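J.: Pasting a predicted model and its sequence here:
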Amino acid sequence: MTQPVSPPRDSTDKVPAPGPAPAWRTVLFRADVRTLSLLGVLAALVLIGGITRPDEFLDTRNLQLVLTQASVIGVVTVGMTFVITSGGIDLSVGAIVALSSVWATTVATQEFGFAGILFTAVLVGVGCGLVNGVLIAYGGMVPFIATLAMLASARGLALQITDGRTQVVTIDGVLDLGERDAYVLGVPPLVLVFAAVTVIGWLVLNRTTFGRRTVAVGGNAEAARLAGIDVRRQRLYLYLLSGLCCGIAAFLLIVLAGSGQNTNGNLYELDAIAAAIIGGTLLTGGRGTIVGSVLGVLIFTTITNIFALNNLQSDVQQIAKGAIIVAAVLVQRRTASTT
Amino acid sequence: MPEPTPRTSRRGLLFGAAAVSAGVLVTGCTSNEPSDAEPTADDRSAADDKPGKPVTIGFAGPQADHGWLNAINDNAEKRAKTYSDVTMEVTEGSNDTAQQIGQIETLINKKVDVLVVLPADGKALTQVGLKAMRAGIPVVNLDRIFNSPQAYRCWIGGDNYGMGLNAGHYIGEKLKNTPDARVIELAGLDNLELTKQRTQGFDDALKNYPNIKKVARQAADFTVESGQAKMAQLLQAQSKFDALWNHDDDQGVGALRAIEQAGRDDFLMVGGAGALSAFQAIKADDGVLKATVLYPPSMAASAIDLARALGQGKGVGGLAEFEIPTSLTCYSAVVDKENVDQYMSTGFK
C-alpha cells in the first residue's frame, strides 16, 4: 500500500553520518521493511476484526473510537520515543499524566476555565519533565532511578491533591471538545492533536539538528560529546519534551474522561515503552522511529478494540496481548535480518 | 446416564421424613416447658448511646486512593467522635502489606482495647490478626476477610454476591415485560475475587428471567479512565441493548461520559457502590442512570459500634444474644428515585 519513499522515514544512523553512503541506503531500506511489517500486522488485525465483527468493526464510528482511544497514549509515546532514542527511559509518564490531570481539574484551576485547565496541565507536565531532566543531566542520576522517583512522588502528590476523590470537570468548553458536535469533518479534535504531535515529532526527529543530536547521544554519548554536542543540555531538553507530551496527553484525557483522578495514566509507562519497542525504537538508544511508535500504539488499541467487540474477557486479552508483542517483535527481527 | 434410583422409594422416604419431622414439631408445640428462647438480653445490657467504660479503638485501613475507601475512613472517624467514651488511634493508610502489618503491631504494643482492621490484602494480614487475638485484643475485621476465623472476633462487610443479585433482580423486574431483552455488564477489576462474586450474583438473578439475555461483559478497573474506554467499546459492540449494570460508580463517571459522547440514551443503567454523583444523577432523573446498588461505607461506622460494644463487654441492641455476632453481612440495597433522599447523606465523593 505505502511505497518506500525516497527521503529517510526515520533517523536510523548511530552517529550523524555525513553525506549519503551505500551503508546509509541499506539502513534506510531496513527501516522501511520494519515499518512495512508493522503495517502488515495492523492489516492482519483489521482483517481479523472485519471477519469476526464486520458490522461493528468496519464502521466510521469504530475508526473514530479507535483513533480517539489511541490519542492519549499516542502523544505520551511520541515523547517516550525521543527519550528512548537518546538511550534514556522515562518511567514517570503515567504518574505525570495523573498529576497534571488532577492539578488541572481542582476547583481552583477550574475557576480559570478552559485556558486555566489547558495551561495548568501543560505546565505541570513540563515542570515534572524539568525536574527529571535536571536530575538526570546535571544531577548525574541514572534515568531509571530518577524517573522512578518521579513516578512515586508524582503519584503521591496526585493522591494528596485529590484525596482519592474523582474531580469532575464542569467547564463546558472542555467537555464539548469530546462530543460528536466538535468533530472536524468527522475527525475528533483529540485525534487532530494526536496527528499534529506525530507530524511535529517526526519532523523534529528526522529533519532538525535537535533530532540528529538525540540520535547521536543515544548511539554513543561520548562520541557525541567529542563531536561538540552539549550532551547534558540535550538530555535536559528530551525529558522536558517527554513532560510536555505528558501534559498534552493529560489535557486530552481530561476531555475524554470529563474528570481528573489520581489513578489516571495507570501503567502508561509500560504501554508507551512497549509501543515504542514494537515500533522499532532500540531500547539501548541510537535508533528511533516515530512512525513505528505510532503504529505500535495503533496495533495495541486495535487489539483492545477487537477483543472488546468480540466480548473476550480480561484474562484472554492479557494472554493474547503478551503473545502478540512477542510475535510482532519476532516477525520484525526476521524481516529485518533477511534484508 | 439416567438416575437408577426408583422414584417411588425416594418419594416414600421423603414422605416418611416429612411425617416424622411434623410429628416432632407438633410434639414440641404441645410442650408446656418454659422455652429457652425467653428474652435474656436483660441479663446483659446492650451497647447504647449512653457513655460507658472508656474504650480505645485502634483503626488500620488501606490507603484511601478511591472514593469508597475514603468514605470508609470518614465514616469510622465520624462515628468514633460521636461517642465520648471512645478514643480512636488511626494509622496512616497503607496498601503495602508489610507496612500495614507494622502499623497493626504498633497498635498491639500500645495495648489498644479493640482493633478495627480493613486489610489491604485479607489473606496476607491473617497472621497479624492472629497475633492481636492471642494478645487478648479482639479484632473487628472490616470487609476484606482474614483467612482464618481465629484471626478475628467479628467480621463485618459488604455483600458482593448480593450486589449482583439485587442489581439483576432490579433490572429483571424493569424488563420482565420486554421480549428478548438484552443486558450488558461493565465489571470491575477482574483480578479481584469480589468482581467474580458480583458477576455471579448478577448472572444468577438474571436466570429468573428467561426473556433476558446477557449479551456482553467487559471489565474495567474501577478508574474513570478505564470506565470511559471500556464503555465506549461496549457501546460500539452492542448497537442495541436494554439495560446496563456497572459494578462501580467511580468508573461509572467515565462510563456515563462515554454514553454521552456516543449520544446513546435508549437503555436503563444501574450503578454500584453508592457515590454521591450517582445519587444526584438518580435524583435528577435526566439520564440513563436510574438506580445504584449499595456497597455501604457506613459499615465502617457499624464496625466502630461493634468495637465499642466489644470493649465494653456488651451485646448489640435489638438482638437477644449475649455476645455480638461473629459475622455481619451488610445488605446491598437498591437506591432508585423512590428512596434516594434517604441515602443521599451516605453518598461518597
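T.: Cool, got the structure.

J.: For the closest residue to residue A:311 other than its chain neighbours, name its beta-bridge partners.
T.: Closest residue to residue A:311 apart from its sequence neighbours, by Cβ to Cβ, 6 or more residues apart in numbering or on different chains: residue B:216 at 4.8 Å. For every residue, glycine as well, the C-beta is placed using N, CA and C. Here residue B:216 sits in beta bridges with residue B:184, going by DSSP bridges.

J.: Which helix or strand contains the one residue in chain B that gets nearest to chain A?
T.: Proximity of chain B to chain A (Cβ to the nearest Cβ) peaks at residue B:233, 3.4 Å away. Under the criterion DSSP states H and E, the helix or strand holding residue B:233 is helix B:224-237.

J.: mind checking pLDDT for residue A:178?
T.: According to the prediction, residue A:178 has pLDDT 91.

J.: check contacts around residue B:229.
T.: The contact partners of residue B:229, by Cβ atoms under 8 Å, 6 or more residues apart in numbering or on different chains, come to A:69, A:304, B:220, B:254, B:258.

J.: what about it, distance to residue B:182?
T.: Computed with Cβ to Cβ, to the nearest Å, the distance linking residue B:229 and residue B:182 is 22 Å.

J.: Over to residue A:82?
T.: When distances are taken as Cβ to Cβ, residue A:82 and residue B:182 turn out to be 46 Å apart.

J.: between these two, who's got more neighbours?
T.: Set side by side, residue A:82 and residue B:182 show unequal neighbour counts under other Cβ atoms under 10 Å in any protein chain shown, the larger going to residue A:82 at 29 against 17.

J.: So for the more buried one, what's the pLDDT?
T.: According to the predicted model, the pLDDT of residue A:82 comes to 98.

J.: and the gap between it and residue A:227?
T.: Note on residue A:82: its distance to residue A:227, by Cβ to Cβ, is 19 Å.

J.: same deal with residue A:188?
T.: Using Cβ to Cβ, one gets 43 Å for the distance from residue A:188 to residue A:227.

J.: So which of the two has more stuff around it?
T.: residue A:188 (23 against 13).

J.: Spell out which residues of the stretch 51-200 of chain A are next to chain B.
T.: Proximity of the stretch 51-200 of chain A to chain B (Cβ under 8 Å from any Cβ of the partner chain) is limited to residues A:53, A:55-56, A:59, A:61-62, A:65, A:68-69, A:159, A:163-166, A:168, A:178-180.

J.: burial of the closest residue to chain B within chain A, as a residue count?
T.: For chain A, the residue closest to chain B is residue A:308, as judged by Cβ to the nearest Cβ, at 3.4 Å. Number of residues near residue A:308 (other Cβ under 10 Å) recorded here: 24.

J.: And for residue A:59?
T.: 15.

J.: Now do it, the pLDDT please.
T.: The predicted local distance difference test score for residue A:59 is 92.

J.: repeat for residue B:171
T.: Value for residue B:171, per-residue pLDDT: 97.

J.: Pull the contacting residues for it.
T.: Per Cβ under 8 Å, 6+ apart, neighbours of residue B:171: B:183, B:206, B:212, B:243, B:245, B:268, B:270.

J.: For the residues you listed, work out which two are farthest apart.
T.: Pairwise distances across the contacts of residue B:171 peak at 14.0 Å for B:206 and B:268 (criterion: Cβ to Cβ).

J.: Those two - which one has more neighbours?
T.: More crowded of residue B:206 and residue B:268, by other Cβ under 10 Å: residue B:206, with 25 against 18.

J.: Can you verify my assumption that the more buried one contacts residue B:214?
T.: Yes: at 6.0 Å, residue B:206 and residue B:214 qualify as touching, with contact defined as Cβ atoms under 8 Å.

J.: Tell me the residues that contact both of those two, please.
T.: In contact with both residue B:206 and residue B:214: residue B:183, using Cβ under 8 Å, 6+ apart.

J.: Could you report the neighbour count for residue B:135?
T.: If you count neighbours by other Cβ under 10 Å, residue B:135 ends up with 12.

J.: The one 3 residues further on too?
T.: Close neighbours of residue B:138, defined as other Cβ under 10 Å, add up to 18.

J.: Can you list phi and psi of it for me?
T.: For residue B:138, the backbone dihedrals are phi -70, psi 140 (criterion: degrees, to the nearest 10).

J.: Kindly report the same for the one 3 residues further on.
T.: Note on residue B:141: its backbone torsions stand at phi -90, psi 120 [degrees, to the nearest 10].

J.: who touches residue B:206 in this structure?
T.: Applying Cβ under 8 Å, 6+ apart to residue B:206 gives the contacts B:168, B:171-172, B:183, B:212, B:214.

J.: can you tell me which of those residues are in helices?
T.: Judged by DSSP state H, helices contain the following of the contacts of residue B:206: B:168, B:171-172.

J.: Including distance to residue B:336, could those go into JSON lines?
T.: Output for the ones in helices among the contacts of residue B:206, formatted as JSON lines (distance: Cβ to Cβ, whole Å):
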{"residue": "B:168", "distance to residue B:336": "15"}
{"residue": "B:171", "distance to residue B:336": "11"}
{"residue": "B:172", "distance to residue B:336": "14"}
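
J.: nearest to residue B:285, of these?
T.: When the ones in helices among the contacts of residue B:206 are compared for distance to residue B:285 (Cβ to Cβ), residue B:171 comes out closest, at 17.1 Å.

J.: Strands along chain B, start to end?
T.: With DSSP state E as the criterion, chain B has strands at B:55-60, B:86-90, B:114-117, B:139-142, B:154-157, B:181-187, B:212-219, B:243-246, B:268-273, B:289-294, B:327-329, B:334-336.

J.: would you turn the ones you listed into TSV with mean pLDDT?
T.: Compiled in TSV, the strands of chain B are given as follows (pLDDT from 0 to 100):
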stretch	mean pLDDT
strand B:55-60	95
strand B:86-90	93
strand B:114-117	96
strand B:139-142	96
strand B:154-157	96
strand B:181-187	97
strand B:212-219	96
strand B:243-246	98
strand B:268-273	96
strand B:289-294	97
strand B:327-329	94
strand B:334-336	96
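
J.: list the contacts for the spatially closest residue to residue B:297 that is not a sequence neighbour?
T.: Using Cβ to Cβ, 6+ apart and skipping residues adjacent in sequence, the residue nearest residue B:297 is residue B:71, 3.7 Å away. Contacts of residue B:71 were listed using Cβ under 8 Å, 6+ apart, and they are B:297, B:300, B:348.

J.: pretty sure residue B:245 is touching residue B:166, no?
T.: No: contact status for residue B:245 versus residue B:166: not in contact, 10.2 Å apart, counting by Cβ under 8 Å.

J.: When these two are compared, which one has more neighbours?
T.: residue B:245 (30 against 23).

J.: Which of the helices or strands spans the most centrally placed residue in chain A?
T.: Nearest to the centroid of the C-alpha atoms of chain A, with distances taken as Cα atoms, centre = their mean, sits residue A:77, at 1.0 Å. Remark: residue A:77 resides in helix A:60-85, with elements defined by DSSP H and E.
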